[in-house]
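Colleague: Here's a sequence, model it:
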Amino acid sequence: MIRKPEPVQVVKQRRDAMLQNLVDGVPYIQFLGIQIDRRGDELTAILPFAEKLVGNPMLPAIHGGVTAAFLEVTAIMELSWAMIWEDMEAGKIDETAPAIALPKTIDFTVDYLRSGLPRDAYARARVNRSGRRFASVHVEAWQDNRSRLFAQATGHFLMPSRDD
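Modeller: I've put the predicted structure just below:
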């Protein structure tokens, strides 16, 4: 028997609910105010500007620790989303599933290319390699112009067991 495809709106709502559950599972994301925008399977992290994010009020510039956290959160969300995508699309898990274990950072190197200005920032991660136990991710962050990065990072992560 051929299964009838779900309506597009139902698929969209299921994906959005799964992503929101993933984001809600990390309180630090709410503290920083990070939002995750989904278009298909591509995620863009958004860091809306807030005064509490400023590290040097004389410039003013976004604190380097906030920038690093923003990039690391983006990498972890991308890895987690890629990890659950197939199971979600196959109907093995849904938005009522318990929170998943997140990848653990092994190392994370940030290149600060210019000051983060007092405005919204955006980031996208690209998974370079993801195996059963290890993943490598590259993240880029920009503000006004995607081709003018203000920071980039490379990280290696220990992937959670898929048997859990």
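
Colleague: Where does the prediction get shaky in this structure?
Modeller: Across the chain, the ranges flagged by pLDDT under 70 are 1, 3, 98, 163-164.

Colleague: switch the cut-off to 50
Modeller: Scanning the chain for pLDDT under 50 picks out the ranges 164.

Colleague: For it, which segments count as strands?
Modeller: With strands called from DSSP state E, the chain shows them at 35-39, 42-47, 54-56, 61-62, 104-112, 121-130, 134-142, 149-158.

Colleague: Same list (the ones you listed) but as CSV, adding distance to Asp24.
Modeller: All C-beta spots, glycine's among them, are computed from the backbone N, C-alpha and C. Below are the strands of the chain laid out as CSV (distance: least, Cβ to Cβ, whole Å):
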stretch, distance to Asp24
strand 35-39, 11
strand 42-47, 15
strand 54-56, 26
strand 61-62, 24
strand 104-112, 19
strand 121-130, 19
strand 134-142, 21
strand 149-158, 21
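
Colleague: looking at it, Arg114 is touching Gln152, isn't it?
Modeller: No. The criterion here is Cβ atoms under 8 Å, and Arg114 misses it with Gln152 at 11.1 Å.

Colleague: ok, longest helix in this protein?
Modeller: In the chain, taking DSSP state H as the definition, the longest helix is helix 64-89.

Colleague: of all the strands of the chain, which lies closest to Pro27?
Modeller: Closest to Pro27 of the strands of the chain, according to Cβ to Cβ: strand 35-39, at 14.7 Å.
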